[in-house]
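> Fold the following, please.
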Amino acid sequence: MIDLTLKVNGSDYKGWKAIDVSIGLEQIAGSFNLTASDRWHGRDKAWPILAGNKCTVLLGETTVITGYVDEANPEYDAFSHSLNVTGRDATGDLVDCSAIYKTGQWSGANLLKIARDLCGPFGISVKADVDVGKPFPKFALQDGETVFEAIERAAKQRGVLLLSDGRGGLVLTRAAQTLIDAALVKGENIERGSGSFSHKERFSQYIVKGQAPGGDSFSEPAHHTQLKSQKNDEAVTRYRPLIVYAEQGDGSTYADRAVWERNVRAGRSARLQYTVTGWEYRPGKIWQPNRMVPVKDDFIGVDAEMLIARCTYTLDDGGSRTTLELCRREAFDLINLPDKKKKIKRSRKAKDKDELKW
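Numbering: from 1, shown residues only. The predicted model follows:
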């Protein structure tokens with residue numbers, strides 16, 4: 001079994017008795033919760049780990065979190081000593097802190113530029129492994145929003161996900177399509193499985209409304225043209241309409257937005273959760289989010305390739321395990337708002353005839 005190492009101030013700390021580490025597509029910062037006990041393994045004094053310390057978390061040889069200790073909680077009695085340590089990736093500061101940048105406005109800047117300007121003061125590097133799209137004619141911070149909220153608002157308009165790279169940086173990316181060389185199979189490597197299928201956030205009709213410039217003087221509301229597009233979710237059999245107001249675009253953009261709204265909500269309505277033994281699926285390869293994995297489970301009724309949305313690595317008296325949260329890839333197919341001057345070419349996944357099983 002591989003071990004977890006917490007690196008703080010040049011020292012390596014192992015031998016944790018309770019471990020809970022979580023990383024995923026829906027959290028910009030990975031988190032950890034570790035507990036050491038049993039008389040500190042021969043130590044009379046507590047490990048010198050303090051809140052605010054820089055730290056790195058490794059599972060075996062794989063670095064999964066690089067950031068800071070949020071809390072350090074020592075405890076003792078007449079028989080034992082213990083220390084509980086929690087922390088997050090450096091990108092956790094983007095979630096907590098307010099967005100501040102000069103005048104708070106950009107003109108002609110793309111997503112990567114905006115993200116780097118906002119993350120720079122925190123010492124957080126930003127890289128993109130996908131095309132981040134065209135520059136924004138105008139982009140302005142909103143009062144009271146955090147750094148993460150500001151970047152996420154821009155990222156959604158360019159169809160981009162925000163992920164921690166596990167090494168203290170931010171990555172602009174999209175949902176992966178690459179299959180890992182392993183599978184989740186009922187009766188073989190799955191210890192426990194469960195499914196959650198909900199229609200609470202699904203609707204029978206998705207009506208996207210907005211307006212587009214009607215001429216050269218489009219800054220005046222009188223020159224704006226009202227636009228609307230509607231798509232249906234045949235899996236929702238009762239009347240449940242939803243009106244969505246689009247950020248910008250033209251008629252074809254709104255048609256894509258309606259299909260995206262339907263498909264993403266359908267994708268996020270179906271979740272699978274599986275627990276497997278250990279943290280690795282192959283020696284030296286740990287389970288990680290944003291990977292596709294084949295799933296065969298005749299009880300829940302799935303035989304498909306699913307996206308790993310979250311991994312939670314645990315250790316307790318029952319041993320080490322990984323809990324995987326899976327969903328359809330559509331759940332993270334963020335819409336990419338196209339250039340108004342270009343004709344929209346919709347992907348296969350965005351087609352209105354796309355079949356939605358769940």
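
> could you measure residue 129 against residue 206, distance?
30 Å (CB to CB, to the nearest Å). Every C-beta, even on glycine, is put in place using the N, C-alpha and C of the backbone.

> Helix, strand, or coil at residue 115?
For residue 115, the secondary structure call by DSSP: H, G, I helix; E, B strand; the rest coil comes out as helix.

> Which parts of the stretch 251-358 of the chain are strands?
270-277, 280-282, 285-286, 292-297, 302-316, 319-327 (DSSP state E, counting those that start in this stretch).

> before we move on, back to that, residue 129 and residue 206: which is more packed in?
More crowded of residue 129 and residue 206, by other CB atoms under 10 Å: residue 206, with 23 against 11.

> So residue 265 sits against residue 200, correct?
No - using CB atoms under 8 Å, residue 265 is not in contact with residue 200; the gap is 9.8 Å.

> which of the two has more neighbours?
residue 265 (21 against 6).

> Pull the contacting residues for the more buried one.
For residue 265, the contact set (CB atoms under 8 Å, 6 or more residues apart in numbering) comprises 201, 202, 203, 233.

> ok, now residue 2?
Here residue 2 is in contact with 59, 60, 278, 279, 280, 286 (criterion: CB under 8 Å, 6+ apart).

> Check the burial of the first one by counting its neighbours.
Neighbour count for residue 59, taken as other CB under 10 Å: 23.

> Would you mind measuring the gap between the ends of stretch 53-72?
Taking CA to CA, to the nearest Å, stretch 53-72 runs 10 Å from one end to the other.

> Please state the offset of it from the chain centre?
19 Å (CA atoms, centre = their mean, to the nearest Å).

> With stretch 146-154 instead?
Put simply, stretch 146-154 sits 13 Å off its chain's centre (CA atoms, centre = their mean).

> quick one: average confidence on that stretch?
Stretch 146-154 shows an average pLDDT of 95 in the prediction.

> which residues touch that stretch?
For stretch 146-154, the surrounding residues in contact (CB under 8 Å, 6+ apart) are 28, 91, 93-99, 111, 114-115, 118-119, 122, 136, 139, 141-142, 145, 162, 170.

> same deal with stretch 86-100?
Contacts for stretch 86-100 (CB under 8 Å, 6+ apart): 28-34, 55, 57, 65-71, 118-119, 121-124, 141, 144-151, 164, 166, 168-170.

> Now do the buried residues in it.
86, 87, 88, 89, 90, 91, 92, 93, 94, 99 (16 or more other CB atoms under 10 Å).

> Adding distance to residue 312, secondary structure and pLDDT as columns, could you present the residues you listed in a markdown table?
A markdown table is the format used below for the buried residues of stretch 86-100 (distance: CB to CB, whole Å; DSSP: H, G, I helix; E, B strand; the rest coil; pLDDT from 0 to 100):
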| residue | distance to residue 312 | secondary structure | pLDDT |
| --- | --- | --- | --- |
| 86 | 14 | strand | 98 |
| 87 | 15 | strand | 98 |
| 88 | 14 | strand | 98 |
| 89 | 15 | strand | 98 |
| 90 | 20 | coil | 98 |
| 91 | 18 | coil | 98 |
| 92 | 17 | helix | 98 |
| 93 | 22 | helix | 98 |
| 94 | 22 | helix | 98 |
| 99 | 29 | coil | 97 |
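
> so which of these comes closest to residue 319?
Residue 319 has its nearest neighbour among those in residue 86, at 21.9 Å by CB to CB.

> follow-up on the earlier one: residue 21: which of the strands of the stretch 251-358 of the chain is closest?
strand 302-316 (4.4 Å).

> Give the pairing partners of that closest one; include direction for each.
strand 18-24 (antiparallel), strand 292-297 (antiparallel), strand 319-327 (antiparallel) (DSSP bridges).

> Which positions within stretch 162-181 qualify as buried?
Quick answer for stretch 162-181 (16+ other CB under 10 Å): 162-166, 168-176, 180.

> what two of those residues are the furthest from one another?
168 and 180 (24.7 Å).

> can you give me the strands in the stretch 101-250 of the chain?
So, for the stretch 101-250 of the chain - with DSSP E, counting those that start in this stretch - the strands run 105-109, 126-128, 136-140, 161-164, 170-173, 184-185, 192-197, 205-213, 224-232, 241-245.

> Compile those into CSV and extend it with columns for mean pLDDT.
Listed next are the strands of the stretch 101-250 of the chain as CSV, based on pLDDT from 0 to 100:
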stretch, mean pLDDT
strand 105-109, 96
strand 126-128, 97
strand 136-140, 93
strand 161-164, 95
strand 170-173, 96
strand 184-185, 98
strand 192-197, 94
strand 205-213, 80
strand 224-232, 78
strand 241-245, 93
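
> Turn those into a markdown table, columns for distance to residue 329.
Below are those laid out as a markdown table (distance: least, CB to CB, whole Å):
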| stretch | distance to residue 329 |
| --- | --- |
| strand 105-109 | 30 |
| strand 126-128 | 20 |
| strand 136-140 | 27 |
| strand 161-164 | 12 |
| strand 170-173 | 13 |
| strand 184-185 | 16 |
| strand 192-197 | 17 |
| strand 205-213 | 19 |
| strand 224-232 | 19 |
| strand 241-245 | 21 |
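
> now for those, which one comes closest to residue 13?
Minimum separation from residue 13 across these (CB to CB) falls at strand 161-164, 21.4 Å.

> That closest one pairs with which strands?
Applying DSSP bridges, one finds strand 161-164 paired with strand 170-173 (antiparallel).

> May I have the partner strand as PDB, with CA atoms only?
Listed next in PDB are the C-alpha coordinates belonging to strand 170-173 (Å, rounded to 0.1, in the frame of the first residue of the first chain):
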ATOM      1  CA  LEU A 170      -4.400  27.000 -12.100                       C
ATOM      2  CA  VAL A 171      -5.200  25.200 -15.400                       C
ATOM      3  CA  LEU A 172      -7.700  26.300 -18.000                       C
ATOM      4  CA  THR A 173      -9.000  23.100 -19.600                       C
END
